[in-house]
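> Test case, fold it:
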Amino acid sequence: MKNYPIIIILILITILSYTSYSQEASDSIYGLNPVLYNGILYSFNLSNKINGYPYLYSTDYETGCVSIKDKRFKNLLLNYDIYNQELLLKYKDNYGSYRVIMVSKAWLNGFNVHNSKFELINCSDGQKRFFQVIGHDSLKVLFYWEKKLLLSNQTGSKDLYYSEPDKIMYLYKYDQLFRFKSKKNFIDLFNSGVRNKIKTFINDNKINVKKASDEKMLRLVTYCNEIMN
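Residues are numbered from 1 along each chain as shown. Below is the predicted model:
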């Protein structure tokens, strides 16, 4: 009778050890790193009564990478829901079924998908938002993407539809965001000593800041960095 407590303790230790080993083995086999796979299940359904989709590029999930706590996770299936402003991760669970989760923003730094880089940036209102990042130095161009759900006024069409992606442009300098809507707005964000140089560069390279490709905007912001240093 005196040995019962010792026996019970040994049994509990054995059970706990087995549980811990099983969890480690499961993570090892299926690669479900809790740092990455800790988001909420994505349950936003695409209704057939709504035209379009809430994503930036398409309904397809593309191979990309995610940075969490400055650690990069590669070869992931990603999509970017700009209507709900959520990064989506599609993966196979331990039973071989596909699941889609919203990647937690708690420790998220950013992600790369569709040959574009996005970062989660703290804004002046205290909110974190996703921005597409153009540039590699302290001076960058940022794009904030969004869609709206609108009521259709066309006869015979479905009631609701997603708008085309709307791009809001910012210049990121001195750790602050400065919005611009035109070439003049962009140039005015710089000191008077370099404005004429930037204007000449934009004109010579025929850059329309509203419609320019990412490559052209990269050339522009790279040039601005060079003349600012």
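> now stretch 165-174, how far from the centre of its chain.
Going by C-alpha atoms, centre = their mean, to the nearest Å, the spacing between the C-alpha centre of stretch 165-174 and its chain's C-alpha centre is 15 Å.
> Pretty sure residue 76 sits against residue 65.
Yes - counting by C-beta atoms under 8 Å, residue 65 is a contact partner of residue 76 at 6.4 Å. Heads up, the C-betas are built off the backbone N, CA and C, glycines and all.
> Quick check on those two: which one has the bigger neighbour count.
Of the pair residue 76 and residue 65, residue 76 is the one with more neighbours under other C-beta atoms under 10 Å, namely 19 against 15.
> Averaged over its residues, which helix or strand of this structure has the lowest pLDDT?
The helix or strand of the chain with the poorest confidence is helix 4-30; it has a mean of 36 (mean pLDDT, DSSP states H and E).
> could you point out which element follows that helix?
strand 40-41 (DSSP states H and E).
> Tell me which strands the following helix or strand past that next one pairs with, and in which orientation.
Downstream of strand 40-41, the next assigned helix or strand under DSSP H and E is strand 50-51. In the sheet, strand 50-51 lines up against strand 160-162 (parallel) (DSSP bridges).
> So residue 102 is in contact with residue 88, correct?
Yes - counting by C-beta under 8 Å, residue 88 is a contact partner of residue 102 at 6.2 Å.
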